[in-house]
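Trainee: for reference, the sequence and a predicted model appear below.
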Amino acid sequence: MGKTGRIVLLTFVIVIISIACSFTPVVNTRSAELTQTAVYETAVEVVKQTQAAATPGEAAPSPTMAATLEPTPVPPTATSSPTALPTATDIPTAIPTAIPTVSIPCNKASFVKDVTVPDGTEMKPGESFVKTWRITNSGSCTWTPAYQLVFSSGERMSAPGSVNLSGNVSPSSTVDISVQLVSPASDGSYTAYFMLKAPDGTIFGMGNSNTSLSAVIKVKKSAALPFPIFTAIIPPSLPTKTPLPPLPEKACDVHYNWVDNMWVDGRFDAIVNLVNKGSRTWGSDFVLAPVVGEEYFEGYFYSIPRVTKTGEEFFFSAEGYDSDKGKYPFTIVWELMDPNAGWETYCTFETNYVP
């Protein structure tokens with residue numbers, strides 16, 4: 001190759017190097033540097049081969065020309081910075097879910113204990129007693145004297161229709177509430193159930209299941225002695241007592257005689273415990289009749305429960321109705337009569353009602 005050809009070839013290599021150095025690809029800095037180095041080494045190798053191929057009399061390229069082969073520094077391109085990771089404060093915290101509140105009903109009660117007459121207490125027939133319960137106002141409303149204890153079901157045992165509370169009972173407070181009862185005349189087990197009544201007519205009991213308050217008793221007559229009673233022999237020398245006067249044929253004692261359970265609709269119970277104090281036995285066909293105040297009752301003749309001998313007694317109850325709904329006092333006159341002997345009267349007594 002002639003001198004002119006070598007000069008053209010060298011010029012072509014320099015142009016290639018200049019173009020490569022002026023072109024800045026969008027790559028990272030490390031890749032650009034490696035590319036420039038490779039191009040530079042290639043150009044130097046071409047020049048060496050050209051010089052080796054030249055004839056001995058031909059001049060080699062000047063050092064100045066070789067120096068121009070140094071690569072032009074390429075300014076580093078801006079690299080994208082990594083995306084900043086969110087800090088702990090950037091992470092939204094979970095919003096706590098509100099715990100729903102449980103609403104407490106207005107009227108609710110809880111049983112505490114039986115204060116008097118525990119369940120299963122034995123009673124004599126016709127025995128009067130007071131049953132007392134201790135309860136807690138577990139509702140959200142204050143109980144006032146307008147709240148009542150009312151008979152619900154079971155054996156009534158002469159229970160009044162309602163008993164008003166004696167005072168205010170605030171929520172979470174405890175109160176004792178009582179009712180007057182009379183045991184039935186016959187042997188057996190008896191239960192009376194009671195509930196609470198709010199002024200608006202709401203009926204409620206104990207706990208979430210509205211359980212009734214109960215009075216449970218056993219009626220049992222006095223058992224006969226297992227051995228005979230021997231009569232003491234009075235020595236003849238001792239003076240004898242003056243004999244008692246004979247009993248009248250017709251006489252009676254009246255116990256527990258009142259008008260009870262006056263309901264708001266006018267219904268009531270007339271109750272009495274009647275004792276035979278005469279010498280004649282009252283037959284099972286004897287009747288009690290309201291000779292005064294008969295307008296308060298649907299029936300006029302009421303049979304007595306059993307044959308009643310001298311000294312024996314029975315419990316009697318009759319439901320009546322007062323059109324004035326207990327606003328005014330009234331009196332009922334009763335007569336115990338024998339219908340088989342011309343309606344002969346054996347006992348007369350009054351039952352009075354006072355509002």
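Mentor: Nice, I can see it. Numbering: from 1, shown residues only.

Trainee: strands paired with whatever helix or strand residue 314 lives in, and their directions?
Mentor: Residue 314 is part of strand 313-321, with elements assigned from DSSP states H and E. With DSSP bridges as the test, strand 313-321 is paired with strand 267-276 (antiparallel).

Trainee: got the CA coordinates for the partner strand in CSV?
Mentor: Extracted as CSV, the C-alpha positions of strand 267-276 are listed here (Å, rounded to 0.1, in the frame of the first residue of the first chain):
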residue,chain,number,x,y,z
ARG,A,267,-112.5,-8.3,90.1
PHE,A,268,-111.9,-9.3,93.7
ASP,A,269,-111.8,-12.3,96.0
ALA,A,270,-113.9,-12.5,99.2
ILE,A,271,-112.0,-14.9,101.5
VAL,A,272,-112.8,-16.3,105.0
ASN,A,273,-111.6,-19.1,107.4
LEU,A,274,-114.7,-20.5,109.2
VAL,A,275,-114.6,-22.5,112.4
ASN,A,276,-117.5,-24.7,113.6
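
Trainee: tell me which residues in the next helix or strand after that strand are buried?
Mentor: Following strand 267-276 in sequence order, the next helix or strand is strand 287-292 (DSSP H and E). Within strand 287-292, the residues that qualify as buried are 287-290, counting by 16 or more other CB atoms under 10 Å. Any C-beta I mention is one placed from the backbone N, CA and C, and that applies to glycine too.

Trainee: quick revisit: may I have the strand holding residue 314 as PDB, with CA atoms only?
Mentor: Output of strand 313-321 as PDB, limited to C-alpha atoms (Å, rounded to 0.1, in the frame of the first residue of the first chain):
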ATOM      1  CA  GLU A 313    -112.600 -25.400 110.100                       C
ATOM      2  CA  PHE A 314    -112.400 -24.800 106.400                       C
ATOM      3  CA  PHE A 315    -111.100 -22.100 104.000                       C
ATOM      4  CA  PHE A 316    -113.600 -20.400 101.600                       C
ATOM      5  CA  SER A 317    -113.000 -18.000  98.700                       C
ATOM      6  CA  ALA A 318    -115.400 -16.600  96.100                       C
ATOM      7  CA  GLU A 319    -114.600 -14.300  93.200                       C
ATOM      8  CA  GLY A 320    -116.800 -11.200  92.800                       C
ATOM      9  CA  TYR A 321    -117.000  -8.100  90.600                       C
END
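
Trainee: for stretch 212-219, buried residues please.
Mentor: Residues of stretch 212-219 classed as buried: 212-217, 219 (neighbour count, 16+ other CB under 10 Å).

Trainee: alpha carbons only: can I get it in PDB?
Mentor: Listed next in PDB are the C-alpha coordinates belonging to stretch 212-219 (Å, rounded to 0.1, in the frame of the first residue of the first chain):
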ATOM      1  CA  SER A 212     -91.400 -16.200  87.700                       C
ATOM      2  CA  LEU A 213     -90.900 -15.700  91.500                       C
ATOM      3  CA  SER A 214     -92.400 -18.600  93.300                       C
ATOM      4  CA  ALA A 215     -93.700 -19.600  96.700                       C
ATOM      5  CA  VAL A 216     -93.600 -23.300  97.200                       C
ATOM      6  CA  ILE A 217     -95.100 -24.900 100.400                       C
ATOM      7  CA  LYS A 218     -96.300 -28.300 101.700                       C
ATOM      8  CA  VAL A 219     -99.500 -28.500 103.600                       C
END
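
Trainee: outside of it, which residues touch it?
Mentor: Residues lying outside stretch 212-219 but in contact with it, judged by CB atoms under 8 Å, 6 or more residues apart in numbering, are 111, 117, 119-125, 129, 131, 133, 135, 149, 152-154, 157, 179, 181, 183-195, 205-206.

Trainee: try 7 Å
Mentor: If you take CB atoms under 7 Å, 6 or more residues apart in numbering as the criterion, stretch 212-219 is touched by 117, 119-123, 125, 131, 133, 152, 181, 183-184, 186-195, 205-206.

Trainee: quick check: mean pLDDT across stretch 281-291?
Mentor: Averaged across stretch 281-291, pLDDT comes to 93.

Trainee: just stretch 248-257 next, same as before
Mentor: Mean predicted confidence for stretch 248-257 is 90.

Trainee: the residue lying closest to residue 125 once chain neighbours are set aside: what secondary structure?
Mentor: Computed as CB to CB, 6 or more residues apart in numbering, the closest residue to residue 125 that is not its neighbour in sequence is residue 185, at 4.6 Å. Three-state assignment for residue 185 (DSSP: H, G, I helix; E, B strand; the rest coil): coil.

Trainee: pretty sure residue 185 sits against residue 312.
Mentor: No: under the criterion of CB atoms under 7 Å, residue 185 makes no contact with residue 312, lying 10.2 Å away.

Trainee: name the residue in those two with the higher neighbour count.
Mentor: Shown here are residue 185 and residue 312; by other CB atoms under 10 Å, residue 185 has more neighbours (17 against 13).

Trainee: OK, contacts around that one?
Mentor: By CB under 7 Å, 6+ apart, the contact set of residue 185 is 125-126, 305, 314-315.

Trainee: any low-confidence regions in the stretch 51-200 of the chain?
Mentor: For the stretch 51-200 of the chain, residues meeting the criterion pLDDT under 70 lie at 51-102.

Trainee: what about residue 254, distance to residue 181?
Mentor: With the distance defined as CB to CB, to the nearest Å, residue 254 ends up 19 Å from residue 181.

Trainee: compare these two (neighbour count), which wins?
Mentor: With neighbours defined as other CB under 10 Å, residue 254 and residue 181 compare such that residue 181 has more, 24 against 15.
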